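Student: kindly generate the corresponding structure for this input.
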Amino acid sequence: MSIRIARGYEKIHHPYQELYEGVRPSIQGLAAAKFLPISMLDKLHDDDPIVLLPGTFVGRMNASSMVASTAAGDAEETLRSLTPAAWGKYKVDYTQLDIDFGTHDLDEAVSTAVAAAAESTGMIQNIKPVGVITAPVYSEVLKTKYTNYKRDLMPSILMGNYSIVMPAITDGEKLIEPGDIVRVAGDGTSTGSHKAVSKQYNTATITPGRLVAWDGAVASANYVVGRCIDKYKIAGGGGSGTRLGTVLSAGTSLTNLNSDHQFNTLKKVQTVPGLGLSGSGTQGIPAMFEHAVSDSSGDYFALVIKVDL
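Tutor: Below is the predicted model of the structure:
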């Protein structure tokens with residue numbers, strides 16, 4: 001039986017999958033920062049804005065997380081709220097979606113809406129990880145717009161005793177190997193940028209919320225999230241630095257589909273042209289991997305991360 005998607009909607013595939021049940025702590029009052037930019041709109045729920053996507057490693061704001069140039073530094077909007085974890089400073093990228101919705105501007109006074117699509121001047125710094133997001137998190141601004149809004153009573157984060165599978169997206173993630181201890185991205189000094197709009201992620205090594213191999217530096221030990229226990233090639237032939245979903249949409253034939261995970265046989269389930277059975281639109285590759293970005297050889301990789309925070 002094929003699954004049909006209602007006209008005008010799209011099926012969302014997040015770059016993340018759990019392998020077994022982990023620890024989900026109950027943290028009262030857990031919520032996303034109101035200044036987080038919109039990553040995508042939920043077409044199934046009146047275009048509600050999603051600000052944190054599954055697979056993003058997050059931490060909590062504290063009094064030392066805001067640099068001096070940031071205006072929205074009061075407790076109501078920032079302290080204890082969730083934001084992508086990173087070692088070092090990062091800015092946020094606002095788009096037309098934030099203007100239309102009224103996302104709170106990191107650069108302006110409390111509760112001031114974004115007025116222009118631009119990268120923020122203010123920065124967030126040294127967000128230590130507390131877990132990884134397991135389900136979409138919606139903008140907290142919804143609660144100020146609608147007083148009875150109860151979509152995210154408590155965002156779900158996993159903190160330990162579990163493994164996840166994720167596509168290698170950033171340049172740093174492509175260098176991770178089995179056995180590597182991994183931490184959230186950043187080098188302690190450089191300024192990255194938090195952006196994941198229309199399924200397009202930043203690919204820089206310092207992208208907030210993504211991973212790199214831990215280099216053993218004492219200063220970054222608080223940012224360690226676990227260990228890579230497996231890395232395998234999904235497929236090849238996509239060209240250097242290309243997003244897998246873009247290649248699949250273009251109908252480009254991939255090479256060296258992973259036979260251990262049977263990606264090379266899943267595409268053969270299509271028996272009736274136009275029926276749209278599983279695998280027919282992705283050459284047999286699970287859709288969660290559509291976010292993977294190829295390395296210089298044109299290969300796409302998946303990482304299995306044992307998370308222990």
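
Student: from Val225, how far off is the residue sitting nearest the centre point of the chain?
Tutor: Centroid-nearest residue in the chain, with C-alpha atoms, centre = their mean: Thr56, separated by 3.9 Å. Here Thr56 is placed at a distance of 12 Å from Val225 (C-beta to C-beta, to the nearest Å). All C-beta atoms are positioned from the backbone trio N, CA, C, and that covers glycine.

Student: what do those two both touch?
Tutor: Listed as contacting both Thr56 and Val225 by C-beta atoms under 8 Å, 6 or more residues apart in numbering are Val132.

Student: coming back round to it: I'd guessed the residue nearest to the centre of the chain sits against Thr134; true?
Tutor: No - counting by C-beta atoms under 8 Å, Thr134 is not a contact partner of Thr56; they are 10.0 Å apart.

Student: contacting residues for Ile181?
Tutor: By C-beta under 8 Å, 6+ apart, the neighbours of Ile181 are Ala213, Trp214, Val224, Gly226, Arg227.

Student: and Met40, how many residues sit next to it?
Tutor: For Met40, the neighbour count with other C-beta atoms under 10 Å is 19.

Student: go on, Thr121?
Tutor: Counted with other C-beta under 10 Å, the neighbours of Thr121 add up to 12.

Student: over to Gly251?
Tutor: 8.

Student: and for Asp42?
Tutor: 15.

Student: got it, and Val137?
Tutor: Using other C-beta under 10 Å, Val137 has 25 neighbouring residues.

Student: quick one: Trp87 is in a strand?
Tutor: Yes - when DSSP: H, G, I helix; E, B strand; the rest coil is applied, Trp87 is found to be in a strand.

Student: excluding chain neighbours, what is closest to it?
Tutor: Gly186 (3.6 Å; C-beta to C-beta, 6 or more residues apart in numbering).

Student: what's the separation between the one you found and Leu175?
Tutor: Counting by C-beta to C-beta, the gap between Gly186 and Leu175 amounts to 15 Å.

Student: which of those two has more neighbours?
Tutor: Gly186 (27 against 13).

Student: just confirm the more buried one contacts His194, I think it does.
Tutor: No - counting by C-beta under 8 Å, Gly186 stays clear of His194, with 11.3 Å between them.

Student: now for those two: what residues contact both?
Tutor: Joint contacts of Gly186 and His194 (C-beta under 8 Å, 6+ apart) are Tyr90, Pro208.

Student: per-residue pLDDT, Tyr9?
Tutor: pLDDT, Tyr9: 49.

Student: same deal with Glu173?
Tutor: For Glu173, pLDDT reads 96.

Student: and the strand ranked longest in the chain, what does it pack against?
Tutor: Ranked by number of residues, the top strand in the chain under DSSP state E is strand 224-235. For strand 224-235, the contact count by 3 or more C-beta pairs under 8 Å, 6 or more residues apart in numbering; DSSP states H and E identifies strand 181-184, strand 300-308 as packing neighbours.

Student: nearest to Thr95, out of these?
Tutor: Closest of the helices and strands packed on strand 224-235 to Thr95 is strand 181-184, at 23.7 Å (criterion: C-beta to C-beta).

Student: tell me which residues in the closest one are buried?
Tutor: Of all the residues in strand 181-184, those buried under the rule 16 or more other C-beta atoms under 10 Å are Val182, Arg183, Val184.

Student: wait, which of the residues you listed is closest to Met61?
Tutor: Ranked by distance to Met61 (C-beta to C-beta), those are led by Val184 at 14.8 Å.

Student: show me the beta-bridge partners of the closest one.
Tutor: Counting by DSSP bridges, Val184 is bridged to Leu211.
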